[in-house]
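> 3D model of this:
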Amino acid sequence: MMRQTICLLLSGLCAAAGAHEGHDHAEQPPALSNPLAARFYGGSDKLELVAIHQGTHWQLYLDHHDNNQPLRQARVSLEANGKTGIARANGDHYLLDAPWLSQPGRHLLVLSVESPQLNELLSVEYTHHADAADTHADEPHPPWPASRRAAAGGLLAGLLLAAFWFWRKQGQRRASA
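Next up, the predicted model:
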């Protein structure tokens, strides 16, 4: 009976270390902890805008809505919070210095785009969060990795086996007394 119990517990321990997809036990690269760069989007039936914050300036990508080609030779200005910035051409995009957009809070932006092909006003809302590091503070921690779960299962099985053995020995002593 004791052998059967031990075999049953050991087979349960082996099942705890069961197979999983991939079987890749190599060291995993660390997860990216940096959030995406701040950005905002806007558009009309003629124009699409994507703005990405890079260091001290914003990169503005302006494309024609119908063919997705970059808009070149445009005069682009941005007005927000009573301040105005003029973007300068830089290849297929524009660079804009607008440090006031780094202030936490909601910003209502008006972009004026003037080019030989079109003249557009784009209205965009952008919210700058106080600190990206604080936004992750309340996220739950990831579950235990598989190796720790297997070790905990093995420890639990060992404790159960020891408790069963102790209980069995106590029963034999009572029977012989």
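
> Show me where the protein has its strands.
39-43, 47-54, 57-64, 75-80, 83-86, 88-90, 93-96, 105-114, 119-128 (DSSP state E).

> Mean neighbour count, mean pLDDT and distance to Gln172 added to those strands, as a markdown table?
Every residue, glycine included, has its C-beta placed from N, CA and C. Putting the strands of the chain into a markdown table (neighbours: other C-beta atoms under 10 Å; pLDDT from 0 to 100; distance: least, C-beta to C-beta, whole Å) gives the following:
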| stretch | mean neighbour count | mean pLDDT | distance to Gln172 |
| --- | --- | --- | --- |
| strand 39-43 | 16 | 90 | 73 |
| strand 47-54 | 18 | 92 | 74 |
| strand 57-64 | 20 | 93 | 79 |
| strand 75-80 | 18 | 94 | 84 |
| strand 83-86 | 14 | 93 | 87 |
| strand 88-90 | 13 | 93 | 86 |
| strand 93-96 | 20 | 94 | 83 |
| strand 105-114 | 16 | 92 | 75 |
| strand 119-128 | 14 | 91 | 72 |
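
> Tabulate the ones you listed (CSV), appending distance to Gly171.
Below are the strands of the chain laid out as CSV (distance: least, C-beta to C-beta, whole Å):
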stretch, distance to Gly171
strand 39-43, 70
strand 47-54, 72
strand 57-64, 77
strand 75-80, 80
strand 83-86, 84
strand 88-90, 84
strand 93-96, 81
strand 105-114, 72
strand 119-128, 69
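
> tell me the contacts of Ala87?
Counting by C-beta atoms under 8 Å, 6 or more residues apart in numbering, Ala87 touches 58, 60, 76-78, 94-96.

> longest helix anywhere in the protein?
Using DSSP state H to define each element, the chain has its longest helix at helix 146-176.

> in it, what's buried?
By neighbour count with 16 or more other C-beta atoms under 10 Å, helix 146-176 contains the buried residues 153, 157, 161.

> nearest to Arg168, of the contacts of Ala87?
When those are compared for distance to Arg168 (C-beta to C-beta), Trp58 wins out at 73.6 Å.

> Return the member of the buried residues of helix 146-176 nearest to Leu47.
Leu47 lies nearest to Gly153 out of those, by C-beta to C-beta, at 58.9 Å.

> one step back: any chance of the contacts of Ala87 in CSV, with distance to Ser44 too?
Below are these laid out as CSV (distance: C-beta to C-beta, whole Å):
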residue, distance to Ser44
Trp58, 19
Leu60, 15
Val76, 14
Ser77, 16
Leu78, 15
Tyr94, 17
Leu95, 22
Leu96, 19
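
> Thanks again, I'm all set now.
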